[in-house]
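Could you look at this predicted model? Sequence included:
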Amino acid sequence: MKHKEIAESILHLVGGEENVENVVHCMTRLRFNLVDESVADGNKSKIEAIPGVMGTNKSAGQFQIIIGNNVPKVFQELTKLGNVSLDKEKSGGNKPKGKFISRIFDVISGVFTPILPAMAGAGMIKGLLAVMLTFGWVSDKSQLYIILNAIGDGAFYFMPILLAVSAAKKFGSNIFIAGAIATAIMHPNMTALLSSGEKVSFLGLPVTPVSYASTVIPILLAIWIASYVEKGVDRIIPSMFKLILVPTLTILIIVPVTLIAVGPLGAIIGNWLSSGVGALFDYTGVFAGLLLGGTWSLIIMTGMHYAFTPIAMNNLTTRGYDMIMPSMFMANMGQAGAAFAVGLRSKNKTFKSLAMTTALTAIMGVTEPAMYGINMRLKRPFIGALIGGAVGGGYYSMFGVKFYILGGNAGLPGVASFIGETFLWAVLGFPIAFVAGAIATYLLGFEDVETQEKDGKLSTPKTDSSAQVYEIKSPIEGTIVSLSDVPDGVFSSESLGKGIAIEPTEGKVISPVYGQVTSLFKTRHAIGLTTNDGIELLIHVGIDTVKLEGKHFTPHIKQGDTIKPGDLLVEFDIEKIKEEGYPVTTPIIITNTNSYLNIQITKEKKINLTQSLLTIHA
């Protein structure tokens, strides 16, 4: 499926551009803020069935669609389809919904997601420079080192500026006014004044010396307050003076307020959080690592991992190292190991290949394909992955592994983030978490995704929704007819979808599924069903029987009815229909065929109501 087609399908199923307040993307996901989330919730199974979509997730006020490595291309096509883009703002769209804690996570997630590429790129450069310095390939006094260090460190040193712009977008205020506020507190003269050791005051009010380089919380608080000040000033200033006075007054109010109160408060909050995390590791030791490593994948699913970024940055600024982010590496290795074990045990060649591929991408730091496409899909492997992360996290805590560079890849390419006194212990942690996740998954087992043919008969030993292999039994008794032999080009060409036809021996249509009657033609000859798993089924009794206008058909259901296997849907008189000159050959079609990987047809020649007719692989 092409990227444009994926984007079109996604936009339609989330409710169209009018239902999209904002959409951004990270390394592997499209992150939607929607006007009405129930639209996407109702279409969740259809979204997940789109080829190229690995899964969905809801957290921090966002509906997230996991795409994988192709997410930038799908996002690019998505922005071309309508008024949907990273910069899009709708009335009220900048107001997070939900409970207080959820709103906080929504804000943190919404602010950090757009700047992740800058952090990832800068972090990788810092990691490469650390490797070059360790092996003596460059001197820390050389001009090459100074320039590369500035390239890698710039995004982190001036982090308040990046955050100010991103936060202003989230809060719905002017991004350039926010940038001006951040540049003011980061100005070299301001930095020199605050670090001089002298008492500093503004209009008689004391200014607490705080270094704003690489900080997070002070600027987030400042821009949040600025968004209200800017809107308040805008309401009272006459239109002819807005262009000059709104930004002037906003900057003049917020910068001093930040220097006098907000900045110091933010620094205090950051230090408290860092001290709390430090105490957790100091006093609980291995338990802290087990807890964090074992729950980090769950934390990512809820979006709470963004809340740890300010703490990690504060740790790096105050301590020179961090002890939180290593848990992310161990959780990722646990996911990789679990997917690898699935690849070893699965009997399905296609799924085995997919599991091995996603295990490799997880090792390289991109875990969503493995986590959502393999481990959560099969359930037990996800538990194995959590165990692997816990073992790795506990190991890291035992040896006091330290993390030095934020923003790099949380996989094998990011190993340079650990270069320092505990580097060897850090490297050994990768295979430990991987092997622990693999062993735990292998021992726990899982419901495999497999379909086998034995003795010419279709066997589907795994048909539960966790394996995403669905079995449709026959709704009619009779003789199997290939669709290509049906005397109607619409059916024989499979333009309506893949399926099979039956020459009925009894004039009854029985429900083969749990689901709903989504359509019943007035002529009673055709029935549309949607199963509880989202499979759309058309049962069309006879060829050209629409011309009978309902004669010889007796419905026992109506549109909208809930059905279960065995329910009588429609009765029809085979002989009278034939006397009227119409064939009773009945096509049974999966009308949303494109939503599935494969649809297999029974090998039987004759079929009854207890036998499997179609097997659908999601």
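Perfect, I can see it now.

which stretches of the stretch 351-500 of the chain form strands?
With DSSP state E, counting those that start in this stretch as the criterion, the stretch 351-500 of the chain has strands at 452-454, 457-459, 469-473, 478-481, 498-504.

Same list, the ones you listed, but as a markdown table with mean neighbour count, mean pLDDT and distance to Asp36 please.
Just so you know, the C-beta spots here come from the backbone N, C-alpha and C atoms, and that holds for glycine as well. Shown next, in a markdown table, are those (neighbours: other C-beta atoms under 10 Å; pLDDT from 0 to 100; distance: least, C-beta to C-beta, whole Å):
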| stretch | mean neighbour count | mean pLDDT | distance to Asp36 |
| --- | --- | --- | --- |
| strand 452-454 | 10 | 34 | 43 |
| strand 457-459 | 14 | 32 | 42 |
| strand 469-473 | 21 | 85 | 29 |
| strand 478-481 | 16 | 93 | 44 |
| strand 498-504 | 21 | 93 | 33 |
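
Any idea which of the ones you listed gets closest to Thr367?
With C-beta to C-beta as the measure, strand 469-473 is the member of the strands of the stretch 351-500 of the chain nearest Thr367 (24.6 Å).

Just checking: what are the partner strands of the closest one?
strand 612-617 (antiparallel) (DSSP bridges).

any idea of the angle the partner strand forms with strand 498-504?
If you take axes from the mean of the first three to the mean of the last three C-alpha atoms, to 10 degrees, strand 612-617 sits at 170 degrees to strand 498-504.

Excluding chain neighbours, what is closest to Met325?
Phe403 (4.7 Å; C-beta to C-beta, 6 or more residues apart in numbering).

Go ahead and confirm that neighbour touches Glu421.
No - if you go by C-beta atoms under 8 Å, Phe403 and Glu421 don't touch, sitting 12.0 Å apart.

Can you name the residues in contact with the helix or strand Asn33 falls within?
Assigned by DSSP states H and E, Asn33 belongs to strand 29-34. For strand 29-34, contacts defined as C-beta atoms under 8 Å, 6 or more residues apart in numbering pick out 10, 14-15, 19-25, 40, 57, 61-67, 71, 74-75, 78, 93, 109-110, 113, 368.

Buried ones from those, can you make that a PyMOL selection?
Paste this into PyMOL to select the buried members of the contacts of strand 29-34, with burial taken from 16 or more other C-beta atoms under 10 Å:
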select buried, resi 10+14+15+19+20+21+22+23+24+25+40+57+61+62+63+64+65+66+67+71+74+75+78+109+110+113+368
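
so where do the helices sit in the stretch 451-600 of the chain?
With helices called from DSSP state H, counting those that start in this stretch, the stretch 451-600 of the chain shows them at 489-492, 574-579.

which stretch among these comes nearest Gly534?
That would be helix 489-492 among the helices of the stretch 451-600 of the chain, by C-beta to C-beta, at 22.4 Å.

Name the residues of that closest one that are buried.
Buried, per 16+ other C-beta under 10 Å, within helix 489-492: Phe491.

And the contacts of that helix?
Helix 489-492 is contacted from outside by Leu483, Ser484, Asp485, Val486, Leu496, Ala501, His540, Pro587, Ile589, using C-beta under 8 Å, 6+ apart.

And for stretch 135-145?
For stretch 135-145, the surrounding residues in contact (C-beta under 8 Å, 6+ apart) are Leu129, Val131, Met132, Leu133, Leu148.

ok, so of those residues, who is nearest Gly285?
Among the contacts of stretch 135-145, Val131 lies closest to Gly285 (C-beta to C-beta), at 30.1 Å.

What is the end-to-end distance of stretch 559-574?
23 Å (C-alpha to C-alpha, to the nearest Å).

if we can go back for a sec, just the contacts of helix 489-492: which has the poorest pLDDT?
Of all the contacts of helix 489-492, Leu496 carries the smallest pLDDT score, 80.

does that one really touch Ile589, like I thought?
Yes - Leu496 lies in contact with Ile589 (C-beta under 8 Å); the separation is 5.1 Å.

Now do the shared contacts for these two.
Each of Leu538 lies in contact with both Leu496 and Ile589 under the rule C-beta under 8 Å, 6+ apart.

who's more crowded, these two?
Ile589 (25 against 17; other C-beta atoms under 10 Å).

Which stretches in the stretch 1-150 of the chain count as strands?
Ranges of strands in the stretch 1-150 of the chain, per DSSP E, counting those that start in this stretch, are 20-25, 29-34, 55-59, 62-66.

Check the average confidence over the second one, would you?
Mean pLDDT, computed over strand 29-34, is 83.

Then the third one?
Strand 55-59 shows a mean pLDDT of 75.

Give me the sheet partners of it and which way each runs.
In its sheet, and by DSSP bridges, strand 55-59 pairs with strand 62-66 (antiparallel).

Also the first one?
Paired strands of strand 20-25, with direction, are strand 29-34 (antiparallel) (DSSP bridges).

quick one: the strand it pairs with to chain centroid distance?
Relative to its chain's centre, strand 29-34 lies at 8 Å (C-alpha atoms, centre = their mean, to the nearest Å).

Spatially nearest residue to Pro310 (excluding sequence neighbours)?
Pro310 sits nearest to Val216 (C-beta to C-beta, 6+ apart), 3.9 Å away.

what sits against the one you found?
Counting by C-beta under 8 Å, 6+ apart, Val216 makes contact with Met159, Pro160, Leu163, Gly270, Thr309, Pro310, Met313, Asn314.

from those residues, which single one is nearest Ile472?
Thr309 (47.1 Å).

Quick check, the closest one in contact with Ile115.
No - Thr309 is beyond contact range of Ile115, at 10.2 Å (criterion: C-beta under 8 Å).

hmm, back to that, tabulate the strands of the stretch 1-150 of the chain (TSV), appending distance to Trp137.
Converted to TSV, the strands of the stretch 1-150 of the chain look like this (distance: least, C-beta to C-beta, whole Å):
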stretch	distance to Trp137
strand 20-25	35
strand 29-34	36
strand 55-59	41
strand 62-66	38
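
Let me know which of those is the nearest to Arg319.
Nearest of those (C-beta to C-beta): strand 55-59, 29.0 Å.

more neighbours, Phe403 and Glu421?
Per other C-beta under 10 Å, whichever of Phe403 and Glu421 has more neighbours is Phe403, with 25 against 11.

pLDDT score for that one?
Predicted confidence (pLDDT) for Phe403: 88.

how close does it get to Ile324?
8 Å (C-beta to C-beta, to the nearest Å).

Now do the shared contacts for the two.
Ala312.

where's Asn594 relative to Met186, distance?
Counting by C-beta to C-beta, the gap from Asn594 to Met186 is 52 Å.

ugh, wrong one, I meant Phe491
Distance from Phe491 to Met186, counting by C-beta to C-beta: 68 Å.

likewise Thr523?
Separation of Thr523 from Met186 (C-beta to C-beta): 73 Å.

Of the two, which one has the most company?
Under the criterion of other C-beta under 10 Å, the comparison of Thr523 against Met186 puts Met186 first, with 20 against 15.

who's in contact with that one?
Phe158, Pro160, Ile161, Tyr212, Ala213.

The residues you listed into CSV, with extra columns for secondary structure and distance to Glu579?
Putting the contacts of Met186 into CSV (DSSP: H, G, I helix; E, B strand; the rest coil; distance: C-beta to C-beta, whole Å) gives the following:
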residue, secondary structure, distance to Glu579
Phe158, coil, 84
Pro160, helix, 84
Ile161, helix, 82
Tyr212, coil, 89
Ala213, coil, 89
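
For ChimeraX, write the selection for the buried entries among these.
Per 16+ other C-beta under 10 Å, the buried members of the contacts of Met186 correspond to this ChimeraX selection:
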select :158,160,161,212
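
Among the contacts of Met186, which one sits closest to Ile6?
For those, the nearest to Ile6 is Ile161 (34.6 Å; C-beta to C-beta).

That concludes my questions; thank you for your assistance.
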